[in-house]
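Engineer: give the three-dimensional model of this entry:
(chains A and B)
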2 protein chains.
Amino acid sequence: MTPLANLQNHQIRLAERPVGVPTRANWQFTAEAVAEPAEGGVLVKTLALSLDPAMRGWMNEGKSYIAPVGIGEVMRAGGVGVVVASQNPKFAVGDTVSAGLGVQEYLSIAAGDIARSGLVKIDLRLGSLTQWLNVLGMPGMTGYFGLMDVGQPKAGETVVVSGAAGAVGQTVGQLAKIKGCRVVGIAGGQAKCDWVVKELGFDACIDYKAGPSAVKDGLKAHAPNGVDIYFDNVGGEILDTVLTRINRKARIIICGAISQYNNTTAVQGPKNYLSLLVNRARMEGIVVFDYADRYPVAVAEMAAYLKDGRMKSKEDIVQGLEHFPEALLKLFSGENFGKLVLQVAKG
Amino acid sequence: MTPLANLQNHQIRLAERPVGVPTRANWQFTAEAVAEPAEGGVLVKTLALSLDPAMRGWMNEGKSYIAPVGIGEVMRAGGVGVVVASQNPKFAVGDTVSAGLGVQEYLSIAAGDIARSGLVKIDLRLGSLTQWLNVLGMPGMTGYFGLMDVGQPKAGETVVVSGAAGAVGQTVGQLAKIKGCRVVGIAGGQAKCDWVVKELGFDACIDYKAGPSAVKDGLKAHAPNGVDIYFDNVGGEILDTVLTRINRKARIIICGAISQYNNTTAVQGPKNYLSLLVNRARMEGIVVFDYADRYPVAVAEMAAYLKDGRMKSKEDIVQGLEHFPEALLKLFSGENFGKLVLQVAKG
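Structural biologist: The predicted model follows:
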């Protein structure tokens, strides 16, 4: 192994705030020497990073559920890696870990920053490295707590989830099936729809790209008794269409609005929101960090489903740190098929 | 007293569906002989009718929480009246009652229609005739269950209510004060604002007509710790502005959207709805009829507040059935000051 002092840490930093779709010019590519950990510290080598729609929000200025990434800072990213040096008795060289690693090859975490970085050991017997970024990671936790805590599904209810082939969507749909619900996905393209129905066991999936009334017609056909829970990852027109089909006391989980993230004009508000009144329904936001103390419970439950085959996962893996700018855009074009992961190094 | 058979029942019927603001041409003025009640039936003479923003919705075609008024039908309205003939042992001539009387001078209710009409005796010792259309009637019940059941206020929280001087708003604000909350109203004009603060005891009131940033600036000044509960009667820009000031786990009660009811274009959706996500907040609709079995409990509680002076009410009374078309419009111009009531006859 190369001595640490000789290692270069390649990084991708936010150079400027994007307007609309991010471009390569918004990023700065830097390299610096790897810092040896001091007393209590840990040095992690990045293996894979999670690319998430939420990243687009972190690039914007202004108040949100988390501070924006500062100009000149390494882009924020959750990831999995391996401990390559440790001055901390809780972490040994060779341990596989998960943390907020950032879009870079190495992260040296000082003793006082370990909690904030979210550094935890992960058990590869429960799931693969990339599953720890998917169903056992933030997207899986988001799907789990959004569906279970906010949605509160009851067996026999109809659950609709947009971004159905994405990381959160695949978790939500499979979990809802396990809980006894009828599940209708909404995804872009026949291949994704086929996959969530044939591989994941959704009852149906609507290809929103199939035509202007595809979602409306699809809901009539596949959710004939109306929608009890809608897990929304996309916002925009699809949210508005689902609002016309909700049942009394429906729950709409607002997890994201990927259709709106690259807008250069105002977000499109749901013009059918008065359906909430007519149907005594509820629209509620979820931020996964609120459930951090319960992640282990959810991980245990989901790992059991992975093990007994009731839950499957799919990751779309892009190779190479330098491809981060283009890889991220796949989320917004819908080009990714499964949880989008950037592989930075081989274990 | 004139023999029943000689009485004319003047009525106002929906002649055609309005586009935008209703006009006199949308109504038809008819008269027919009063029908003597048959076995089990009751004849009620209308004394006063409740004019409500919801009426505008009932005039539209299409699915809602209640069927639209049909073309040619007497316009739907809740009201209070007096029993003038009865073949039903539960109702005696002279009883004061509340029911869905419609915009007309008399309603003859057949035995089989009594439950559906909502006919109940009212006790004028608990509140005046017009208070039974206000704080003890549908608006009061809407405010009570919307605030208490959907909003779930906790002492010390900040409650904002739009349409603050209206029937629902005055109930919500006073009730929230009684429950120990800080209460900020939003109303149109200084006179209404002065009244809700000085007479009803709201902590502050924002005159949304005072300027384009009046609501934003007013919330900063009067809800400096953010908004925990927003009771929305108006929708539109005000809802969007409040969404920028909500706290974590805020509850937004969607009771109405009077700013949008006469739109000839699509409803303006709340473009800041992603604040629900950022703040893990909830937006939920309420329809008062769902709480019918608990009205007596709420009436008893509110009547006690009226009696001990902790709750006050204000009605804006327009005289004469024939003025219904213009009176209704006062709701949409914001011209009414207090619960809008149409007095049809003297007791």
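Engineer: which ones are touching residue A:153?
Structural biologist: The contact partners of residue A:153, taken as Cβ atoms under 8 Å, 6 or more residues apart in numbering or on different chains, are A:147, A:159, A:176, A:179, A:180, A:181, A:228, A:229. Every C-beta, even on glycine, is put in place using the N, C-alpha and C of the backbone.
Engineer: next to chain B, which bits of the stretch 1-150 of chain A? Give me the list.
Structural biologist: Remark: the part of the stretch 1-150 of chain A in contact with chain B comprises A:63, A:64, A:65, using Cβ under 8 Å from any Cβ of the partner chain.
Engineer: ends of stretch A:101-112, what's the gap?
Structural biologist: Counting by Cα to Cα, to the nearest Å, you get 15 Å between the two ends of stretch A:101-112.
Engineer: contacting residues around it?
Structural biologist: Outside stretch A:101-112, the residues that touch it by Cβ under 8 Å, 6+ apart are A:7-12, A:34-46, A:49, A:74-81, A:84, A:87-88, A:99, A:117, A:119, A:321, A:324, A:342, A:344-345.
Engineer: buried stuff in it?
Structural biologist: Of the residues in stretch A:101-112, those scored as buried under the neighbour-count criterion (16 or more other Cβ atoms under 10 Å in any protein chain shown) are A:101, A:102, A:103, A:104, A:105, A:106, A:107, A:108, A:109, A:110.
Engineer: go on, stretch A:245-253?
Structural biologist: A:245, A:246, A:247, A:250, A:251, A:252, A:253.
Engineer: ramachandran coordinates for residue A:76?
Structural biologist: With angles defined as degrees, to the nearest 10, residue A:76 sits at phi -70, psi 140.
Engineer: still on that earlier bit, from the buried residues of stretch A:245-253, which land in helices?
Structural biologist: Within those, membership in helices is found for no residue, as judged by DSSP state H.
Engineer: how near is the spatially closest residue to residue A:214 that is not a sequence neighbour to chain B?
Structural biologist: In this structure, residue A:214 finds its nearest non-sequential neighbour in residue A:208, 5.6 Å apart by Cβ to Cβ, 6 or more residues apart in numbering or on different chains. Here residue A:208 is placed at a distance of 19 Å from chain B (Cβ to the nearest Cβ, to the nearest Å).
Engineer: could you count how many residues lie near whatever residue of the stretch 51-200 of chain A ends up closest to chain B?
Structural biologist: Proximity of the stretch 51-200 of chain A to chain B (Cβ to the nearest Cβ) peaks at residue A:65, 4.8 Å away. Counted by other Cβ atoms under 10 Å in any protein chain shown, the residues lying close to residue A:65 total 17.
Engineer: Three-state assignment for it, please.
Structural biologist: coil (DSSP: H, G, I helix; E, B strand; the rest coil).
Engineer: now for residue A:291: which residues touch it?
Structural biologist: Taking Cβ under 8 Å, 6+ apart as the definition of contact, the neighbours of residue A:291 are A:141, A:145, A:149, A:298.
Engineer: inside helices: which ones of these?
Structural biologist: Under the assignment DSSP H, the contacts of residue A:291 contribute A:141, A:145, A:298 to helices.
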